[in-house]
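Participant: Here is the input, now give the coordinates:
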Amino acid sequence: MLIDLHNHTPLCNHASGTPREFALRAYELGCKYFGFSDHGFMNYDLKYRMSKAQIPFYQALINEVRVEFESKMEILLGYEADYMSDKTLMSDEINHAKCDYLIGSVHFLNTWGFDNPAFIAKYAGMDIDTLYKDYFDALCDMIKSGLYNIVGHIDLIKIFNHRPRRDVRLYAKKAIKLAKSQNMAIELNTAGYRKPCNELYPSDEILELMANEGVKITFGSDAHSIEQIGLNMDKAIAKAREFGFKKACIFKNRQMIELEF
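Facilitator: The predicted structure follows:
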């Protein structure tokens, strides 16, 4: 496991294990570039993210781990930032944070947290194709904002295994082209293997589009516990190679660096 840029801390209020414990486990797995990208503060859904006051504490925590592991493994500091249709709900402190990278994610359609099991009942009676269109439209808006370095779990909308009747590539193609034009990396996120959809984010169909378009990739466990670090990363790496990818990205001070894996 060379790269793992998507990992959380207890500051998001739904993860366990200290940053040092996360880093130690990653090092044991042979990781060379390990990134923390906890849920950054915004003006909504406060239960599942750090507070504004905790931002400096988060940075200090990760920098402590960076110093401890500097001769063993490179520690990178990032945030996972939610893109919201109501821009007033987002946080300038996060969207313009001084860090190594920002993962831009869509977890909300309007204000519905569609990936949260607590709100799964809202799927009943909804048209899934319409949801896919709305989701990928929001993802395109996120990419066009130019705020972020990495597209987070590009097909998260499949989390509960709701699949569209139409070919998913019809929804995803524009987002992939936009990511290429913005020089954003798209992550291969192993959390999908732990969810009802039981497959990598992105699916094979979307990976094929990504390969054809020549977009950059990176890797993330999206770990919320020590046991999830690197889990199924071998599958993600194999998928990347299957579709012809030979390099993946890390970021330092918001600058992309490609590495062979």
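Participant: After the longest helix seen in the chain, which helix or strand is next?
Facilitator: Identified as the longest helix of the chain according to DSSP state H is helix 128-144. Counting by DSSP states H and E, the element after helix 128-144 in chain order, helix or strand, is strand 150-151.
Participant: just checking, what packs against the helix or strand that that following strand is followed by?
Facilitator: Using DSSP H and E, the helix or strand that follows strand 150-151 towards the C-terminus is helix 168-181. Applying 3 or more Cβ pairs under 8 Å, 6 or more residues apart in numbering; DSSP states H and E, one finds that helix 168-181 makes contact with helix 128-144, strand 185-189, helix 204-213. In this view, the C-beta of every residue, glycine as well, is placed from N, C-alpha and C.
Participant: looking at those, which is buried most?
Facilitator: Among the helices and strands packed on helix 168-181, strand 185-189 has the highest mean neighbour count (mean count of other Cβ atoms under 10 Å), at a mean of 26.
Participant: just how off-centre is it within its chain?
Facilitator: In terms of Cα atoms, centre = their mean, to the nearest Å, the centre of strand 185-189 is set 7 Å apart from its chain centre.
Participant: Also stretch 16-32?
Facilitator: 18 Å.
Participant: Surely Y123 is in contact with H162?
Facilitator: Yes: between Y123 and H162 there is a contact at 6.3 Å, judged by Cβ atoms under 8 Å.
Participant: ok, the two, which is more surrounded?
Facilitator: Ranked by neighbour count (other Cβ atoms under 10 Å), Y123 and H162 place H162 first, with 17 against 13.
Participant: tell me the contacts of the closest residue to that one other than its chain neighbours?
Facilitator: Leaving aside its sequence neighbours, H162 sits nearest to I128 (Cβ to Cβ, 6 or more residues apart in numbering; 4.9 Å). Shown in contact with I128 (Cβ atoms under 8 Å, 6 or more residues apart in numbering): 162-165.
Participant: List just the nearest of the residues you listed to D234.
Facilitator: When those are ranked by distance to D234 (Cβ to Cβ), R163 comes first, at 25.5 Å.
Participant: and that closest one, how many neighbours?
Facilitator: Neighbour number of R163 under other Cβ under 10 Å is 13.
Participant: Next: the one 5 residues further on.
Facilitator: As a burial measure, the neighbour count of V168 was computed by other Cβ under 10 Å and equals 19.
Participant: could you list every residue that touches it?
Facilitator: With Cβ under 8 Å, 6+ apart, V168 has these contacts: 132, 155, 158, 203, 205-206.
Participant: go again using 6 Å as the cut-off
Facilitator: Neighbour list for V168: E205 [criterion: Cβ atoms under 6 Å, 6 or more residues apart in numbering].
Participant: Same check on L5?
Facilitator: Contact analysis of L5 by Cβ under 6 Å, 6+ apart lists 35, 218, 220.
Participant: what's the spacing between N161 and I120?
Facilitator: From N161 across to I120, the span is 11 Å (Cβ to Cβ, to the nearest Å).
Participant: So those two - more neighbours on which side?
Facilitator: Just comparing N161 and I120: by other Cβ under 10 Å the higher neighbour count belongs to I120, 15 against 10.
Participant: roughly how far apart are the closest residue to that one other than its chain neighbours and L207?
Facilitator: Spatial nearest neighbour of I120, chain neighbours left out: F160 (6.2 Å); criterion: Cβ to Cβ, 6+ apart. The gap separating F160 from L207 is 21 Å, by Cβ to Cβ.
Participant: Also D45?
Facilitator: 30 Å.
Participant: how about the helices and strands packed on helix 168-181, which one is nearest F261?
Facilitator: Taking Cβ to Cβ, strand 185-189 is the member of the helices and strands packed on helix 168-181 nearest to F261, at 10.7 Å.
Participant: between the contacts of L5, which is closest to Y83?
Facilitator: Of all the contacts of L5, Y83 sits closest to G220, with 17.0 Å by Cβ to Cβ.
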